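Asks: Sequence and predicted model, in that order:
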Amino acid sequence: MNLLKPFALWKGIAGAAVAVGILALAAPPSRAGDVSAGMGILKNSCVSCHNLTGPAPTTLKALWARKGPDLFYAGNEFRKSWLISWLQKPVRVRPAGEFYADHIKPGPVHDVVDESTLKPHMALSKEDAVKVADALMTLRAHSDLIAREHVAPGTISKTMGKMVFGKFLGCIACHRIAPDYGGLSGPELYTAGSRLQPAFMASYIRSPQAWDPKIWMPNKHVNDARIQQLVHYLQSMKGGNQP
């Protein structure tokens, strides 16, 4: 019997354990750790303006008092890559703020945004932006609504998409499809393709009130074919000056 074999086996196991321990110490923090840290940032710095737990406002008074968009379904709505980028260099998504009536004034031709009434959003370091994005992607209160949607592969010409968006459904009255073209009361959509998940866009178009019971966006009872056209169009909108 070779008495050295058990010792050699034990030595190999012990060496592997030490190696694993060293690797664990050298490894970056776990994603769970990032999520926890990101949640800490959200709770310490963001809850004064953003609803992280739900539900959405159920009265007009509560809706008008909302300072920033609800985030308790952020993981259903946003693309993580956009969140990481935006949190480092925030650019206003709603041209006239959360409740536009509080932030517009008469202009020479039409209402314009009163910039003096709007405050800039805080910016985060890249490290903190990643942590907060990780945390936000776990907030998926409306996964049931997302599960009902399927965006089929395909495209739509920008000309046709613009016609459906602007003329057939009148979305241009509230939403901008270029920095200087469109309405002020809703979020801009010229970055929708890089910002929003396709299934969210489809679900929100289908029934805005399923997500936000008192929101002023009307339910136009858009049929499935039109929803697909709109989502394909919006997916092509990833920034820039041209609709």
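Replies: Perfect, I can see it now. Residues are numbered from 1 along each chain as shown.
Asks: How much space separates R148 from S157?
Replies: 27 Å (C-beta to C-beta, to the nearest Å). The way it works is simple: take the backbone N, C-alpha and C, and place the C-beta from them, glycine included.
Asks: swap in Y204?
Replies: With C-beta to C-beta as the criterion, Y204 and S157 are 23 Å apart.
Asks: Surely A133 and K80 touch.
Replies: Yes: using C-beta atoms under 8 Å, A133 is in contact with K80, at 5.2 Å.
Asks: Give me the more crowded residue out of those two.
Replies: Shown here are A133 and K80; by other C-beta atoms under 10 Å, A133 has more neighbours (25 against 15).
Asks: for the strand or helix carrying the more buried one, which positions count as buried?
Replies: Using DSSP states H and E, A133 falls within helix 126-136. Neighbour-count burial for helix 126-136, counted by 16 or more other C-beta atoms under 10 Å, picks out D128, A129, V130, K131, V132, A133, D134, A135, L136.
Asks: Stretch 154-166 too?
Replies: I156, G161, V164, F165, G166.
Asks: what's next to that stretch, contact-wise?
Replies: Here stretch 154-166 makes contact (C-beta atoms under 8 Å, 6 or more residues apart in numbering) with C171, I172, I177, R226, Q228, Q229, L230, H232, Y233, L234, S236, P243.
Asks: Could you find the residue nearest the spatial middle of the protein?
Replies: By C-alpha atoms, centre = their mean, the mean C-alpha position of the chain lies nearest to F78, the distance being 2.6 Å.
Asks: Which pLDDT does the model give that residue?
Replies: Looking at F78, its pLDDT reads 98.
Asks: Please apply the same query to I22.
Replies: 41.
Asks: For this protein, give me the ranges with low pLDDT.
Replies: Where the chain drops to pLDDT under 70, the residues are 1-30, 240-243.
Asks: just so I have it, where are all the strands in it?
Replies: Assigned strands in the chain, in chain order: 104-105, 112-113, 176-178, 181-182 (criterion: DSSP state E).
Asks: Among the ones you listed, show me which one is buried the most.
Replies: strand 176-178 (a mean of 19; mean count of other C-beta atoms under 10 Å).
Asks: Just checking: what are the partner strands of that strand?
Replies: Partner strands for strand 176-178, per DSSP bridges, with pairing direction: strand 181-182 (antiparallel).
Asks: Can you tell me what sits against the strand it pairs with?
Replies: I172, A173, C174, H175, R176, E188, L189, P243.
Asks: What number of residues are in the vicinity of the second one?
Replies: By that I understand A173. 12.
Asks: What is the burial count for the residue nearest to it when sequence neighbours are not counted?
Replies: Residue nearest to A173 in three dimensions, not counting chain neighbours: G183, with 4.8 Å by C-beta to C-beta, 6 or more residues apart in numbering. If you count neighbours by other C-beta under 10 Å, G183 ends up with 19.
Asks: doesn't L189 make contact with G183?
Replies: No: G183 lies out of contact with L189 (C-beta under 8 Å); the separation is 10.3 Å.
Asks: Now for these two: what residues contact both?
Replies: H175, R176.
Asks: now the buried residues of helix 126-136 in CSV, with distance to P90?
Replies: Converted to CSV, the buried residues of helix 126-136 look like this (distance: C-beta to C-beta, whole Å):
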residue, distance to P90
D128, 13
A129, 10
V130, 15
K131, 16
V132, 12
A133, 13
D134, 18
A135, 17
L136, 14
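Asks: distance of I156 from Y233?
Replies: Applying C-beta to C-beta to I156 and Y233 gives a distance of 5 Å.
Asks: picking that back up, which of the buried residues of stretch 154-166 lies at the shortest distance from G193?
Replies: Of all these, G193 sits closest to G161, with 11.2 Å by C-beta to C-beta.
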